[in-house]
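*Asks:* Output the structure for:
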Amino acid sequence: MTGPRARTVRRPRYPVTREIDEQTGLGEAYMRSLLRAQTRLAARLCLVLAVVVIGLPLLFALVPEVREREVLGLPLPWLLLGGLIYPWFVACGWWYVRRAERNEDDFADLVDRAYGGEDRP
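*Replies:* Numbers count the residues shown, from 1 in each chain. A predicted model of the protein is given here:
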C-alpha cells in the first residue's frame with residue numbers, strides 16, 4: 001500500500017494561546033522563552049545601573065582630580081550624583097519599558113506564526 005494512511009490518529013491542533021492557558025508542555029515552553037527574554041533584559045539593565053551607581057562614587061574616591069573638578073561652579077560629583085543621574089535613570093526606565101514591550105510583541109508574533117493567528121482578534 002503506497003497511498004496516504006486513512007486511519008491515522010491525529011493529535012488535535014489547539015491554538016497556541018490555549019496551550020499557554022492550559023499550561024501544556026508547549027505552552028510552558030513558549031512562556032519560558034518570554035520569561036527568559038524579559039529576565040535577560042532586566043539583568044542587563046540592573047548590571048548597567050549597578051556599574052554606574054557603584055562606579056561613579058568609586059571613581060570620585062580613587063581619582064582626586066575628578067573629585068575636585070568643578071562645572072558651572074558646582075563640584076562634579078554633586079552635579080553628577082545629585083542631578084544628572086536622575087534624568088539618566090528615567091531614560092533607562094523608558095528604554096527598559098520599550099524593550100520589554102518589544103519582547104512581548106515578538107512573543108505575540110511568534111504565537112501568531114505558530115498557528116496562523118487563528119485564535120487572535
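*Asks:* switch to C-alpha atoms for all contacts and neighbour counts from now on
*Replies:* Will do.
*Asks:* Check L26 and give its pLDDT.
*Replies:* Per-residue confidence (pLDDT) for L26: 68.
*Asks:* Just checking the distance from the helix or strand containing R40 to the centre of its chain.
*Replies:* Following DSSP states H and E, one finds R40 within helix 25-62. On the basis of Cα atoms, centre = their mean, to the nearest Å, helix 25-62 sits 8 Å off its chain's mean C-alpha point.
*Asks:* And the helix or strand containing P87, what's buried?
*Replies:* Using DSSP H and E, P87 maps to helix 85-114. By 16 or more other Cα atoms under 10 Å, the buried positions in helix 85-114 come out as 92, 96, 99-100, 103-104, 107-108, 111-112.
*Asks:* now stretch 62-73
*Replies:* For stretch 62-73, by 16+ other Cα under 10 Å, it's R67.
*Asks:* do the same with stretch 74-83
*Replies:* Buried-residue list, stretch 74-83, by 16+ other Cα under 10 Å: 76-77.
*Asks:* Would you mind writing the CA trace of it as PDB?
*Replies:* Only the C-alpha atoms of stretch 74-83 are listed here, as PDB (Å, rounded to 0.1, in the frame of the first residue of the first chain):
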ATOM      1  CA  LEU A  74      29.500  73.100  41.300                       C
ATOM      2  CA  PRO A  75      31.600  70.200  42.300                       C
ATOM      3  CA  LEU A  76      31.400  67.500  39.600                       C
ATOM      4  CA  PRO A  77      30.400  64.700  42.000                       C
ATOM      5  CA  TRP A  78      27.500  66.800  43.300                       C
ATOM      6  CA  LEU A  79      26.400  67.600  39.700                       C
ATOM      7  CA  LEU A  80      26.500  64.000  38.500                       C
ATOM      8  CA  LEU A  81      25.200  62.200  41.600                       C
ATOM      9  CA  GLY A  82      22.800  65.000  42.700                       C
ATOM     10  CA  GLY A  83      21.200  66.000  39.500                       C
END
